[in-house]
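**Q** Just a sequence and a predicted model for now, questions to come.
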Amino acid sequence: MSSSEISNGVNEALPVIEGWFTMDKADAHLIGSQCTRCQTYFFPGKVTFCRNPTCEGDTFDAVPLSREGTIWSYTDAQYKPPEPYVAADPFEPYAIAAVELAKERMIILGQLAKGITVDDVTTGMQVELQLQTLFSKDGQDYVSWVWQPKS
């Protein structure tokens, strides 16, 4: 999906990192790679050799990863991260979760959706991937993935 599929009403939103996730707001997915030899999944998806130590594969398919998973661990960020990260000014603390994807059984780190704090989540909680504006600069919205607890 192209970045033009999410609109902020002024300019088309852009992904914070091109190629790491689809921009289909209704059905967003992270884009990973899968080794064609051992079937191991990787994220981010650009790989040149299989990181599985028992495999010597060097060809990969781009694959959409699960949009659902389980919180494996979580914490909050109480400090402004260094560049190149772009943070709101003034800085607003946010929560981060390490999520084990349902199918791939791999851990993906990401922010929790705005308004969700560490007091709102527990390990083992089910979450789903969503897209959210991470920051705006010069009238341009930049979108990233976040984890939203399932209701």
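**A** Ah, there it is. Residues are numbered from 1 along each chain as shown.

**Q** Please make it C-alpha for all contacts and neighbour counts, starting now.
**A** Will do.

**Q** Distance across stretch 108-128, terminal residue to terminal residue?
**A** Start and end residues of stretch 108-128 are separated by 12 Å (C-alpha to C-alpha, to the nearest Å).

**Q** That stretch: how far from the chain's middle?
**A** 12 Å (C-alpha atoms, centre = their mean, to the nearest Å).

**Q** Show me which residues of it are buried.
**A** Ile108, Leu109, Gly110, Gln111, Leu112, Ala113, Ile116, Thr117, Val121, Gln126, Val127, Glu128 (16 or more other C-alpha atoms under 10 Å).

**Q** With stretch 34-48 instead?
**A** Within stretch 34-48, the residues that qualify as buried by neighbour count (16+ other C-alpha under 10 Å) are Gln34, Cys35, Gln39, Thr40, Tyr41, Phe42, Phe43, Gly45, Val47.

**Q** Without its sequence neighbours, what residue ends up closest to the residue nearest in space to the middle of the chain?
**A** Among the residues of the chain, the one closest to the centroid is Trp145, at 4.1 Å (C-alpha atoms, centre = their mean). With C-alpha to C-alpha, 6 or more residues apart in numbering as the criterion, Trp145 has its nearest non-adjacent residue at 4.6 Å, and that residue is Leu131.

**Q** What helix or strand is the one you found located in?
**A** Assigned by DSSP states H and E, Leu131 belongs to strand 126-137.

**Q** So the residue nearest to Arg37 when sequence neighbours are not counted, which state does it fall into?
**A** Leaving aside its chain neighbours, Arg37 sits nearest to Gly57 (5.5 Å; criterion: C-alpha to C-alpha, 6+ apart). The three-state label given to Gly57 by DSSP: H, G, I helix; E, B strand; the rest coil is coil.

**Q** Sounds good, over and out.
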